[in-house]
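Asker: just to be clear, the model below is a prediction. Sequence and coordinates:
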Amino acid sequence: MNDPSRRHFLQTASLATAGIALVDAARAADKADAAPAMPPAVPAFAPVHQPKPLAFDPAKLDGLSEKLIRSHWENNYGGSVKTLNAVKLRLAQALADKDTPPFLYDDLKREHLMRTGSVVFHELYFENLGGSGKADAELRTQIGAAFGDFDAWETEFRRVGAGLAGGSGWVVLGYNLHSGQIENYWLADHLHSPAATLPLLVMDMYEHAYQMDYGAGAARYIDAFFRNIRWESVAERLAYARRAVSHKP
């Protein structure tokens, strides 16, 4: 026997179940699209920095010797990692001492800034080495769109590096989160960094990056750097930068 009220109840229950499922699916999609949860905060003065191992075999680079790369990684980068940890401990001690003069505290803060820059830029530098030196067509198009073409970008990047030869500094291709532009930047030292910018490609122009192999021949080092760029790292950083912009409030 057909019971209309029972049939109506079953239809209503079925629709309600489907509705709940749709709401649950929508909530799951919202969570997937939402920004990832913030990681636990690391105490500001914690000496937590450790050298990141090289992601490539330094004996297999084209034009950059294993001896150069290992010395650069161990002495220059590794030295900055150790110093940054030591400076953070000194900062904690100085802050706890009410008699620490502000000008002495600021000397430590300057060293903190410099060593942070050295650690970060060296890690980015080594991470964008170990590749074929050949950017794929899509990445060439994306970078070239900001400069007219890819060759124009490379010309400026190389020229900035040549201008730093014989001294110190970095050349950085960066994505400016504030303006949305991809630009090349000149950095005089570890203390300089373009505002609101995520580095995409980093080239070390301190003499320690090339003197062992090329002496004063910085132009040949720049050629060798380009032959060893890991463009996959650049593409990953660019994708990350664009995701960051898409979540900008």
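Answerer: Thanks, I have the structure now.
Asker: backbone phi and psi for D204, please?
Answerer: Dihedral pair for D204: phi -80, psi 120, per degrees, to the nearest 10.
Asker: how about the helices in this structure?
Answerer: In the chain, the helices defined using DSSP state H lie at 4-33, 66-71, 78-96, 102-127, 137-147, 150-163, 211-214, 218-227, 231-246.
Asker: highest average neighbour count across those?
Answerer: Most buried of the helices of the chain, by mean neighbour count (mean count of other CB atoms under 10 Å): helix 218-227, with a mean of 19. Yep, even glycine has a C-beta here, placed from its N, CA and C like the rest.
Asker: and stretch 43-52, how far apart are its ends?
Answerer: One end of stretch 43-52 to the other measures 20 Å (CA to CA, to the nearest Å).
Asker: let me see the mean pLDDT of it.
Answerer: For stretch 43-52, mean pLDDT is 93.
Asker: same check, this time on stretch 148-157
Answerer: Stretch 148-157 carries an average pLDDT of 98.
Asker: residues making contact with that stretch?
Answerer: If you take CB atoms under 8 Å, 6 or more residues apart in numbering as the criterion, stretch 148-157 is touched by 135, 140-141, 143-144, 146-147, 171, 173, 184, 201, 203, 226.
Asker: same question, stretch 220-231
Answerer: With contact meaning CB under 8 Å, 6+ apart, stretch 220-231 is reached by 56, 61-64, 127-136, 139, 154, 158, 161-162, 201, 203, 209-210, 213-214.
Asker: try 6 Å
Answerer: With contacts defined as CB atoms under 6 Å, 6 or more residues apart in numbering, stretch 220-231 is touched by 61-64, 128-131, 133, 135, 139, 158, 161, 203, 210, 214.
Asker: now it, how far from the chain's geometric center?
Answerer: 18 Å (CA atoms, centre = their mean, to the nearest Å).
Asker: again, but for stretch 236-244
Answerer: Distance, centroid of stretch 236-244 to centroid of chain: 10 Å (CA atoms, centre = their mean).
Asker: export it to CSV, keeping only CA atoms.
Answerer: Extracted in CSV, the C-alpha atoms of stretch 236-244 (Å, rounded to 0.1, in the frame of the first residue of the first chain):
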residue,chain,number,x,y,z
GLU,A,236,58.8,27.5,-8.8
ARG,A,237,59.6,30.8,-7.2
LEU,A,238,57.6,32.8,-9.8
ALA,A,239,54.6,30.5,-9.3
TYR,A,240,54.9,31.0,-5.5
ALA,A,241,55.1,34.8,-5.9
ARG,A,242,52.0,34.8,-8.1
ARG,A,243,50.1,32.7,-5.6
ALA,A,244,51.1,35.2,-2.9
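Asker: turn the helices of the chain into TSV, including distance to S193.
Answerer: Listed next are the helices of the chain as TSV, based on distance: least, CB to CB, whole Å:
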stretch	distance to S193
helix 4-33	31
helix 66-71	24
helix 78-96	15
helix 102-127	6
helix 137-147	20
helix 150-163	15
helix 211-214	24
helix 218-227	20
helix 231-246	15
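Asker: mean pLDDT lowest for which of those?
Answerer: Among the helices of the chain, helix 4-33 scores lowest, with a mean of 45.
Asker: residue ranges of each domain in this protein, please.
Answerer: 64-127, 137-246 (automatic domain parsing).
Asker: could you dump those into TSV with distance to V42 added?
Answerer: Below are the domains of the chain laid out as TSV (distance: least, CB to CB, whole Å):
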stretch	distance to V42
domain 64-127	11
domain 137-246	20
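Asker: how about these, which one is nearest P40?
Answerer: Shortest distance between P40 and the domains of the chain, using CB to CB, is found for domain 64-127: 17.9 Å.
Asker: run the chain-centre distance for the closest one.
Answerer: With CA atoms, centre = their mean as the basis, domain 64-127 stands 17 Å off its chain's centre.
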